[in-house]
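**Q** My questions concern the predicted model and sequence given below.
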Amino acid sequence: MNITLYAKMLKVHAKSISSYAIGSALYLLLIIGIYPSIADAPGLNELMESMPESFLAAFGMEGGFQHVSDFIAGEYYGLLYVVILSIFCLMTASQLMARHIDRGSMAYILATPNSRKKIAFTQALVLMTGLLIIGLTTALAGVIGTEILIEDKPFEAMTFMNVNLVGILLFFVISGYSFLFSSMLNDERQALGISGLLTIVFYGMDLVGKMSEKLDWMVHLSLFSTFRPVEIARGSVDVWPTATFLFLLGTVLYAVSILIFSKRDLPL
């Protein structure tokens, strides 16, 4: 790793990282803040029971919201969290590699006495650091928010942290293939487009597969099938096999990205 490059790039992206982290934390606090009024609303569970089972299953709400962790997992981690971290991973990965290649500034970085592997590894660490900051800020906001805003409602802190662990590792993989395309391609928009399309396809396959019995096979082809926030929050999922798989897959993707960048020809 090149410390100087790491510090410089982290400074360049500090505003973006802090914006995503604060935005994610505030959205989560908003969800936590409205839970007491939702939980005490008469007929909520009856209303949910009247909804189609396929719709409830698609968003992990088939068991209702008996606990605050269920509500947070379903209402925030099931959609908003996915959107926020997807945008961060896709945008930042393309900016760290493909943008510099596209605009020619990578030549100046490569002119320093550092190997391509060291430069690519440093850029990857910037992306991983940003992802970790956003993930940990969100988790901390959830723990503190429930402590302050929720009274007399059961909250399982350990299962909540498991949701965040699997969530961070899922986006470790998504950032990994985004970084891979960014390292392979010369055009920033092309790298961003392919990464974004793949992410949308994965999410769409997971959503459609959960809503249709005839297409339920699609769920098994989607990366998002590894992230079941409501089930994890209820403690009904053993997260460690999934966490191990995601960690290994993400590590491989980053390693391949660095290797490809170190071997490929770059435009002058």
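**A** Noted; the coordinates are in hand.
**Q** Surely Ser257 is in contact with Ser175?
**A** No: counting by Cβ atoms under 8 Å, Ser257 stays clear of Ser175, with 10.1 Å between them. To be clear about C-beta, it is placed using only N, CA and C from the backbone, and glycine gets the same treatment.
**Q** Specify which residue of the two has the higher count of neighbours.
**A** Neighbours per residue (other Cβ atoms under 10 Å) separate Ser257 from Ser175, with Ser175 holding more: 28 against 25.
**Q** as a whole number, average confidence for stretch 225-239?
**A** On average, the pLDDT along stretch 225-239 is 85.
**Q** What values do phi and psi take at Lys11?
**A** In terms of degrees, to the nearest 10, the main-chain angles of Lys11 are phi -70, psi -40.
**Q** how distant is stretch 166-181 from the center of its chain?
**A** 7 Å (Cα atoms, centre = their mean, to the nearest Å).
**Q** How about stretch 224-238?
**A** That offset, for stretch 224-238, works out to 15 Å (Cα atoms, centre = their mean).
**Q** which residues in the stretch 101-250 of the chain form helices?
**A** 106-110, 116-149, 157-184, 188-211, 229-233, 239-263 (DSSP state H, counting those that start in this stretch).
**Q** And the contacts of stretch 90-98?
**A** Identification of contacts with stretch 90-98 by Cβ atoms under 8 Å, 6 or more residues apart in numbering yields 9, 13, 16, 106, 120, 123-124, 126-127, 130, 174-175, 178-179, 181-183, 185-188, 190-192, 195-196, 199, 261.
**Q** thinking again about what came up before, of all the helices of the stretch 101-250 of the chain, which lies closest to Ile32?
**A** Taking Cβ to Cβ, helix 116-149 is the member of these nearest to Ile32, at 4.3 Å.
**Q** and that closest one, average pLDDT?
**A** Mean pLDDT, helix 116-149: 92.
**Q** Buried residues, it. List them.
**A** 116, 118-128, 130-131, 133-135, 137-139, 141-142, 145-146 (16 or more other Cβ atoms under 10 Å).
**Q** again with stretch 76-86
**A** Tyr76, Tyr77, Gly78, Leu80, Tyr81, Val82, Ile84, Leu85, Ser86.
**Q** so what secondary structure elements neighbour the helix or strand hosting Phe71?
**A** Using DSSP states H and E, Phe71 sits in helix 68-72. For helix 68-72, the packing partners by 3 or more Cβ pairs under 8 Å, 6 or more residues apart in numbering; DSSP states H and E come out as helix 14-39, helix 116-149, helix 157-184, helix 229-233.
**Q** Any buried residues in the first one, and which?
**A** By neighbour count, and taking 16+ other Cβ under 10 Å as the criterion, the buried residues in helix 14-39 are Ile17, Tyr20, Ala21, Gly23, Ser24, Ala25, Tyr27, Leu28, Leu29, Ile31, Ile32, Tyr35.
**Q** Give me the nearest residue to the residue nearest in space to the middle of the chain, chain neighbours excluded.
**A** Of all residues in the chain, the one closest to the mean position by Cα atoms, centre = their mean is Phe171, 3.5 Å from it. The spatially closest residue to Phe171, leaving aside those adjacent along the chain, is Leu85, at 4.5 Å (Cβ to Cβ, 6 or more residues apart in numbering).
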